[in-house]
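[1] generate a structure from the sequence data that follows.
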Amino acid sequence: MMTLKNIFSKPVDRTIEGVIKADDEASLRLEIEEYVLTNVVEKRLESFLDAYNSYEGANGVWVSGFFGSGKSHLLKMLALLLENRQIDGASALELFLPKCKDEIFLSNALKRAAAIPSKSILFNIDQKADVISKTQIDALLAVFVKVFDEMSGYYGKQGYIAQFERELDSCDLYGRFKAAYESTSGRPWQQGREQALLESKNIAKAYAEVTGSDDASAMGILDKYRSQYRVSIEDFAEQILAYIKRQGPEFRLNFFVDEVGQYIAENVKLMTNLQTIAESLATKCRGRAWVIVTAQEDMGAVVGEMGKQQGNDFSKIQARFANSMKLTSADVAEVIQKRLLSKTESGVSQLADIYHQQSNNFKTLFDFADGSATYRNFRDRDHFIQSYPFIPYQFDLFQSAIQNLSLHNAFTGKHSSVGERSMLGVFQQVAMQIAGHEVGQLATFDLMFEGIRTALKSQIIGGIKRAEMNLDNPFATGLLKAIFLVKYVKEFKPTVRNLCVLML
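    Got it, this is the predicted structure:
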């Protein structure tokens, strides 16, 4: 009898980047090639590109989906495609188009969008906001200013230094200033500005030299910038417009902000900040600056929660981010099936035989009874082959388990989400664990526990650790893990019958 690892068309233990980091440039080509364009995303993309190609007032896009549903991956694809970035000698568009082979409309819309000259600024808001306190009134604006300064080649960490550089640049003196600073201090300006306070003498000297001012008035020039530095959303939008105009008549500058939902969660000020930034960019730039963000919840849920507490009217922000893309667990299942579980020809024929022998039993085996939620069973032979060795309910139930554990603060780390482990990562780990089993055996639900174990708080899984040390019964510890996973899932009734289904 064949083992499971022989039926997969690609090695199940190959490196799959489960978590896509917005700002990681290392394996862009692979990320585009591995990207799975699901049916749902195809439709969402079409309506977004329609809006992008013929702007009608809403310049915000809200991409939502729970952890591991592929929002960061989609955000990154959009950033690369709209800019049509060159990657290893090919354009992002050339690498992506084969995925739309049957979708002429989508291919054409992508070609039109990629033909509009643009620059994408892609960032994870939490990483960029490390130096900015959320209590600052303009915390969100400060992050936008920082990434724009960095993209323009200025010093993002200190806005007033970036302002100083920008003004020198506008008089065509920035290049000369850097050269003068280096010859005075013996080190490049990129290093010197990191210690601007200690370097004030050299900075003043170089500044006096290139501007022709006297040494006395050049002394403390950065202190003047520091004391006067203020930036408003209005100023920021003006700067963006000036930048866009310099690039040409059609040019666009687009911001791609990962995990904005978690960053602004429950903070009405930040939410209004986001709205005003997108609004000012729309008013000033008229569709030439877009803001595309990702969040765990869809906009309605975030706004609804906030409205309950505050009574604020968030209809404006909903109008601004009218283009929404929601990713569902069906997307995740499709991605996992295509990236991880595709089968060889002999695997397909072997599984087809098993399906014909067993399909009459599927209802008895995998339907939950006793008032539990109804989860999808295998639809037909193809669905069985695509999902094997997993069972359709596992995709949805595991997602619910994660969301509910997260609500009960079970996870360590910043936002108490599983961050490092996407659904794909967890399913891959399970597939590797059972790769030596005979074809015909299934993945049991308790195995998912190992995929999130390292992200769980140790006091929460104390009982499981003790059981592993004291019980010689692997089935009993497995059952304990399965019960732990469904502990907070209200729609799942943990009756003996239903727990049996989890452990088949």
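
[2] rest of the way, CA atoms for contacts and neighbours
    Will do.

[3] do a quick rundown of the helices in the stretch 201-350 of the chain.
    215-218, 221-228, 233-247, 260-264, 268-285, 299-310, 315-320, 329-339, 345-358 (DSSP state H, counting those that start in this stretch).

[4] tell me the first helix or strand C-terminal of the helix or strand Lys481 falls within.
    In this structure, Lys481 sits in helix 474-486 according to DSSP states H and E. Where DSSP H and E defines the elements, the next helix or strand beyond helix 474-486 is helix 496-502.

[5] how many neighbouring residues does Trp457 have?
    In this structure residue 457 is Lys, not Trp. The local packing of Lys457 (other Cα atoms under 10 Å) involves 15 other residues.

[6] typo on my end, Asp353
    Neighbours of Asp353 (other Cα under 10 Å): 12.

[7] just the pLDDT for it.
    pLDDT for Asp353: 93.

[8] for stretch 249-262, which positions count as buried?
    Residues of stretch 249-262 classed as buried: Phe251, Arg252, Leu253, Asn254, Phe255, Phe256, Val257, Asp258, Glu259, Val260, Gly261, Gln262 (neighbour count, 16 or more other Cα atoms under 10 Å).

[9] which of the residues you listed fall within strands?
    Taking DSSP state E, the ones among the buried residues of stretch 249-262 that sit in strands are Arg252, Leu253, Asn254, Phe255, Phe256, Val257, Asp258.

[10] follow-up on the earlier one: quick one: average confidence on the helix holding Lys481?
    For helix 474-486, the mean pLDDT works out to 93.

[11] one step back: looking at the helices of the stretch 201-350 of the chain, which is closest to Gln429?
    helix 329-339 (12.1 Å; Cα to Cα).

[12] who's in contact with the closest one?
    Surrounding helix 329-339, the residues in contact under the criterion Cα atoms under 8 Å, 6 or more residues apart in numbering are 34, 36, 38-41, 68-70, 386-387, 395-396, 399, 423-424, 427.

[13] kindly report the same for stretch 289-305.
    For stretch 289-305, contacts defined as Cα under 8 Å, 6+ apart pick out 59-67, 71-72, 75, 252-262, 265-266, 278, 281-282, 314, 318, 326.

[14] how about 6 Å then?
    Identification of contacts with stretch 289-305 by Cα atoms under 6 Å, 6 or more residues apart in numbering yields 59-66, 252-261.

[15] buried sites along it?
    Within stretch 289-305, the residues scored as buried using 16+ other Cα under 10 Å are 289-299, 302-303.

[16] and for stretch 79-95?
    Result for stretch 79-95 [16+ other Cα under 10 Å]: buried residues Ala79, Leu80, Leu81, Leu82, Glu83, Asn84, Arg85, Ser91, Ala92, Leu93, Leu95.

[17] and if you look at stretch 337-348?
    Within stretch 337-348, the residues scored as buried using 16+ other Cα under 10 Å are Gln337, Lys338, Arg339, Leu340, Leu341, Ser342, Lys343, Gly347, Val348.

[18] quick one: end-to-end length of that stretch, please.
    Stretch 337-348 stretches 13 Å from its first residue to its last (Cα to Cα, to the nearest Å).

[19] likewise for stretch 441-457?
    By Cα to Cα, one end of stretch 441-457 lies 32 Å from the other end.

[20] quick one: distance of that stretch to the chain centre.
    Relative to its parent chain, stretch 441-457 has a centroid offset of 23 Å by Cα atoms, centre = their mean, to the nearest Å.

[21] report the buried residues of it.
    Counting neighbours by 16+ other Cα under 10 Å, the buried set in stretch 441-457 is Leu442, Ala443, Thr444, Phe445, Asp446, Leu447, Met448, Phe449, Gly451, Ile452, Ala455, Leu456.

[22] ok, now how distant is the fourth one from Ala410?
    As defined by Cα to Cα, Phe445 lies at a distance of 19 Å from Ala410.

[23] swap in the first one?
    Leu442 sits 28 Å away from Ala410, going by Cα to Cα.

[24] next: the fifth one.
    Separation of Asp446 from Ala410 (Cα to Cα): 17 Å.

[25] again, but for the second one
    In this view, Ala443 and Ala410 are 24 Å apart by Cα to Cα.

[26] kindly report the same for the third one.
    For Thr444, the distance to Ala410 under the criterion Cα to Cα works out to 22 Å.

[27] assign the closest residue to Glu491 other than its chain neighbours to helix, strand or coil.
    Closest residue to Glu491 apart from its sequence neighbours, by Cα to Cα, 6 or more residues apart in numbering: Ala373 at 5.4 Å. Classification of Ala373 by DSSP: H, G, I helix; E, B strand; the rest coil places it in coil.

[28] near Ala373, how many other residues are there?
    By other Cα under 10 Å, 14 other residues sit near Ala373.

[29] what about the stretch 101-250 of the chain, any weak spots by pLDDT?
    Counting by pLDDT under 70, the ranges of the stretch 101-250 of the chain that qualify are 129-137.

[30] do a quick rundown of the strands in it.
    Under the criterion DSSP state E, counting those that start in this stretch, strands of the stretch 101-250 of the chain are mapped to 118-124.
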